[in-house]
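Novice: I need the structure of the sequence given here:
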Amino acid sequence: MSQERDDAYRAIGRYVTEFSQLIRVMRVAVAEYVAGDPTRMDIPEMMLGDQTARPITNVFFGVCRMVGHLDAAESNVESKLRQEVLTLTEERNDYAHGDWIVGEAGFTLPATLPATFLAPDPKLVRIRAARIAGTPRKTLSISIADLDAKTDNVLRMLQRVHEFGRLALGLPVRRDDDGKQVMSRGEYRVRDVLVVEGGDKKAGKARVEPNGPRARELSWDYGY
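Specialist: Have a look, this model is predicted:
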């Protein structure tokens, strides 16, 4: 097997793995809040364990909105994170349920396939009968570098979502100085740590960053 094919398999697998961790941190945060004790999370986790990414996302952000009593700035953080996770979910669905061709296809490719199949990069074919614009078949040629960059973005989102959830739900976070666990509710709010920065939120250029006034008071265990 060529090094290029190995690299492609690694990049695809890394993306799927990190996305699964993003969904896990949302499921675990809700379960920990409902259980009230991290040692008694089996039943609440079981209630969400069979759910797919979108229902878990909806439950997570819905509970955070209800429990966190978010102000306007914090609601902007919630909205931006939620929309980014939903967009990533659509991308992940394509990657997880589409047909990947890595290296030689192993069979004769139809002459009607687009020119992207002539490139050496991994190819993804995603057929969705409900797609209205264009044809049901979508074909992408995605470089390994692009896959790695997309995974880095998933990892960034995992970190921001983890931070947001623990702050909004009042779950324990850690201080930098002595490592002691503290309850964030009443002492740390979402706005103390997370802010929306970087231009027009609606245009998709803004990002949630840990640059709030008290962000450097805390350190985080992202669970991996």
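Novice: ok, which stretches of the chain are strands?
Specialist: Applying DSSP state E to the chain gives strands spanning 99-101, 123-127, 137-141, 172-175, 181-183, 195-197, 207-209, 218-219.
Novice: partners of the last one, with directions?
Specialist: Under the criterion DSSP bridges, strand 218-219 sits next to strand 172-175 (antiparallel) in its sheet.
Novice: may I have the partner strand as PDB, with CA atoms only?
Specialist: In PDB, the C-alpha atoms belonging to strand 172-175 read as follows (Å, rounded to 0.1, in the frame of the first residue of the first chain):
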ATOM      1  CA  PRO A 172     -16.800  21.800  37.500                       C
ATOM      2  CA  VAL A 173     -13.800  23.500  35.800                       C
ATOM      3  CA  ARG A 174     -10.200  23.700  37.000                       C
ATOM      4  CA  ARG A 175      -8.100  26.600  38.200                       C
END
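Novice: list the helices and strands the longest helix seen in the chain packs on?
Specialist: Scanning the chain for the longest helix, with DSSP state H as the assignment, gives helix 3-35. Applying 3 or more CB pairs under 8 Å, 6 or more residues apart in numbering; DSSP states H and E, we find helix 3-35 packed against helix 42-49, helix 53-68, helix 72-97, helix 144-168. The way it works is simple: take the backbone N, C-alpha and C, and place the C-beta from them, glycine included.
Novice: looking at this structure, which helix or strand is least sure?
Specialist: Here the helix or strand of the chain ranked lowest by mean pLDDT, DSSP states H and E is strand 181-183, holding a mean of 60.
Novice: which stretches of the protein aren't confidently modelled?
Specialist: The chain contains residues with pLDDT under 70 at 1, 104-120, 131, 175-186, 199-204, 222-224.
Novice: P213 - nearest residue in space that isn't next to it in sequence?
Specialist: D192 (6.2 Å; CB to CB, 6 or more residues apart in numbering).
Novice: ok, N153 next?
Specialist: In space, N153 comes closest to L88 once its chain neighbours are excluded; the distance is 7.8 Å by CB to CB, 6+ apart.
Novice: wait, doesn't the one you found sit right on L22?
Specialist: Yes - between L88 and L22 there is a contact under CB atoms under 8 Å: 7.3 Å.
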